[in-house]
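Colleague: prediction below, plus the sequence it came from.
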Amino acid sequence: AFFFCFDLTSFTIPDSVTSIGDHAFHATGLTSITIPDSVTSIGDWAFTACSSLTSITIPDSVTSIGSRAFRACTNLATITIGDGVTSIGDNAFAYCSSLSNVAIPDSVTSIGSSAFGSCTSLSRITFIGDAPTFGTDVFLNSDVCFSAEINPPTSESK
């Protein structure tokens, strides 16, 4: 929809929208985005390379975050993942080099391969409840410390 609209810096998604499609805001100049509670899914590559985006709140209504949804959002420092999210796709937040900590709600049952790969500032992951099933290299090239509040992942889920 707004693929490569570099001058698009702010956007409010209307309440009538239920899904953010693949590549919808890929490589835009977004500095902020408001996702309404009507949205239930964020598609693949939806916000990839939105390098001016600094924070994102994913509402409780969202159940899935697609592959590469926020990949290479290099200034994304703060993410809030809603309690309805059950899956985080492959490379969803890969190369988000400003991201330093993330809280994963207990609704998340799976995190895809390299979901937080090459997040070079990422140092703390907090799982609210049990750690979900992991793909391969979820935290590749990150110096992650798991919070003491969690049930640590087993060797099967790393």
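Modeller: Sure, I can see it. Numbering: from 1, shown residues only.

Colleague: any buried residues in stretch 14-24, and which?
Modeller: Neighbour counts over stretch 14-24 (16 or more other Cβ atoms under 10 Å) mark 19-20, 22-24 as buried. Using the backbone N, CA and C atoms, a C-beta is placed for each residue, glycine as well.

Colleague: likewise stretch 67-76?
Modeller: So for stretch 67-76, counting by 16+ other Cβ under 10 Å, buried means 67-73, 76.

Colleague: again with stretch 91-103
Modeller: With burial defined by 16+ other Cβ under 10 Å, the residues of stretch 91-103 counted as buried are 91-99, 101-102.

Colleague: end-to-end on it?
Modeller: End-to-end distance of stretch 91-103 (Cα to Cα, to the nearest Å): 17 Å.

Colleague: what do you get for stretch 37-46?
Modeller: First-to-last residue span, stretch 37-46, Cα to Cα: 17 Å.

Colleague: so where's the protein uncertain?
Modeller: The chain contains residues with pLDDT under 70 at 145-158.

Colleague: number of residues surrounding residue 25?
Modeller: By the criterion of other Cβ atoms under 10 Å, residue 25 has 28 neighbours.
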